[in-house]
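> Have a look; sequence and predicted model below, questions after that.
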Amino acid sequence: MSTAIIGTLYAGATLGAMLAGIPIAFALGAVALVFMLAFMPGASLDTVAQNVYEEMASITLLSIPLFILKGAAIGRSKAGQDLYSAMHAWMHKIPGGLGIANVFACALFAAMAGSSPATCSAIGSAGIPEMRRRGYSGGFAAGIIAAGGTLGILLPPSITMILYAVAAEQSLGRLFLAGIGPGLLLVLLFAAYAAWRFRREFAMARAAYVTGGPEHPILAEDRYSMAQRFSTLPRVLPFVVLLTGVMVALYGGYATPSETAGLGGILALALIACIYGVWRARDVSPILIATLRESTMLMLIIGMSLLYAYVMSYLHISQAAAAAIVAMHLSPWLLLLTILLLVVGLGFFLPPVSIILMTAPIILPPLKEAGFDLVWFGVVMTITMEMGLIHPPVGLNIFVIKNIAPDIPLSEIIWGTLPFVILMAVAILVLCVAPGIALWLPDLLLPSTK
């Protein structure tokens, strides 16, 4: 049987298993095992456990559960609400300052927690009710939080970046640094849109009020004294110091990614114990249980994805697919566009973890041959996958928002996120024109050894 037929059957079996509702890890593992039985030597089944272990025995992957612990500790405390309150107090005089404060709060919390759903939940639980109380439309408020939450997979420490570093065999430190510039670009784009949208809703409310309508809550002005502003800082600054310390330890060469992840997790637990009194067993156990559940689920997906990729490589499916892409003789930018559209399509159904591990063996060799920097592409691919977190039908952040704001119709949430999807596409175009936005910081601090 030809490789093309086997590859078609492999892809069809995978799609069928996922459409049947089988959890992703089990779907990938089951398809891999079936094709091992059908097309590989019988002795290969004896090495399944060994192959999975060898693929996962990476010191880089060790940092994932530790970063999850750090994110769970921060996400399950009141740190998100305090961070949001501090940002709002300092930015309330800016037009649309409440929305912009939510964007910046999402960015900072994402950098501390490294998780998109955790960021949406922590900032949105406080931010969405407050924005709606101040007159922001439901879709606008939901869109800000949903889009801001996606920064969790771009800004370091990003679990998605860790997996890409393993799959692409790239420096994790360079990838983390490369995400900072584009992350700030997205923050600025989101903030600019929030200010523009606020001015539009404010103008409509004022016009209605001038013509005799009721005074809209969005017309009210907040006032904070300087003492009130500074009173919000004591609970926020320790977490900012924690973020800064972890980044200095990592990029200063004082510790490896796994060591900084462990240090961050321990310090996060210490901070919530000191600041919020979260130290008793009944308070800490939900954090540890959540960490264990998410780590187990994620590592199981990683293990089965690696087995899936191993079978795909053994059967020469990935090599044949990569060769077929190269044989099309597409121009470099058309090749990039085709691959990004593929990633967008996969984002309708799959989480970023599975997309990276399933597609890396196929798409990375042609991109490397076309001359693209794989660190730069990792950032572009991450932003493309961010779009998948907020576009239907399986945008994870959309359903997180629906869970914390059940009174906002799902259709309104979706329409509220679409402008941010467009802004992400704009950011990708900007990075294509000016790749230095992503690469200047890693080139400055961690020059490539290639």
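Great, that's in hand.
> Packing partners of the host helix or strand of Leu28?
Secondary structure from DSSP states H and E places Leu28 in helix 24-39. On a contact count with 3 or more CB pairs under 8 Å, 6 or more residues apart in numbering; DSSP states H and E, helix 24-39 meets helix 3-19, helix 281-314, helix 352-369. Where you see a C-beta, it was placed from the backbone N, CA and C, and this is true even at glycine.
> Of those helices, flag the one that's most buried.
helix 352-369 (a mean of 22; mean count of other CB atoms under 10 Å).
> so how far is it from its chain's centroid?
Distance of helix 352-369 from the chain centroid (CA atoms, centre = their mean, to the nearest Å) equals 17 Å.
> do stretch 111-126 as well
With CA atoms, centre = their mean, you get 11 Å for stretch 111-126.
> Can you list the buried residues in that stretch?
The neighbour-count check on stretch 111-126 (16 or more other CB atoms under 10 Å) flags 111-126 as buried.
> Low-confidence ranges, the protein, go.
For the chain, the stretches flagged by pLDDT under 70 are 55, 349, 393-394, 448-450.
> tell me what the longest helix seen in the chain is packed against?
For the chain, the helix with the greatest residue count under DSSP state H is helix 172-210. The contact analysis (3+ CB pairs under 8 Å, 6+ apart) places helix 172-210 against helix 97-113, helix 138-149, helix 159-168, helix 237-251, helix 374-390, helix 410-433, helix 436-445.
> Out of these, flag the one nearest Leu177.
Closest approach to Leu177 among the helices and strands packed on helix 172-210 (CB to CB): helix 436-445, 4.1 Å.
> hmm, who's touching that closest one?
Helix 436-445 is contacted by residues 171, 173-175, 177-182, 185, 251, 373, 375-376, 379-380, 430-431, 448 when judged by CB atoms under 8 Å, 6 or more residues apart in numbering.
> Now with 7 Å, please.
174, 177-178, 180-182, 185, 251, 373, 375-376, 379, 430-431 (CB atoms under 7 Å, 6 or more residues apart in numbering).
> can you check stretch 101-119 too?
Counting by CB under 7 Å, 6+ apart, 67, 71, 74-75, 80, 83-84, 87-88, 91, 122-123, 127, 131, 144-145, 148-153, 155-159, 183, 187, 190-191, 194, 239, 243, 389, 396-397, 400 sit against stretch 101-119.
> for stretch 46-55, same thing?
Outside stretch 46-55, the residues that reach it (CB under 7 Å, 6+ apart) are 303, 306-307, 310.
> Stretch 197-217 now?
Taking CB under 7 Å, 6+ apart as the rule, stretch 197-217 contacts 95-96, 99, 133-135, 137, 140, 218-219.
> Which residues belonging to it are considered buried?
Across stretch 197-217, burial judged by 16+ other CB under 10 Å covers 197-198, 201-202, 205, 216.
> give me every residue that touches the residue nearest the centre of the chain.
Nearest residue to the geometric centre of the chain (CA atoms, centre = their mean): Ile153, 2.2 Å. With contact set as CB under 7 Å, 6+ apart, Ile153 has these partners: 116, 160, 352, 382, 385-386.
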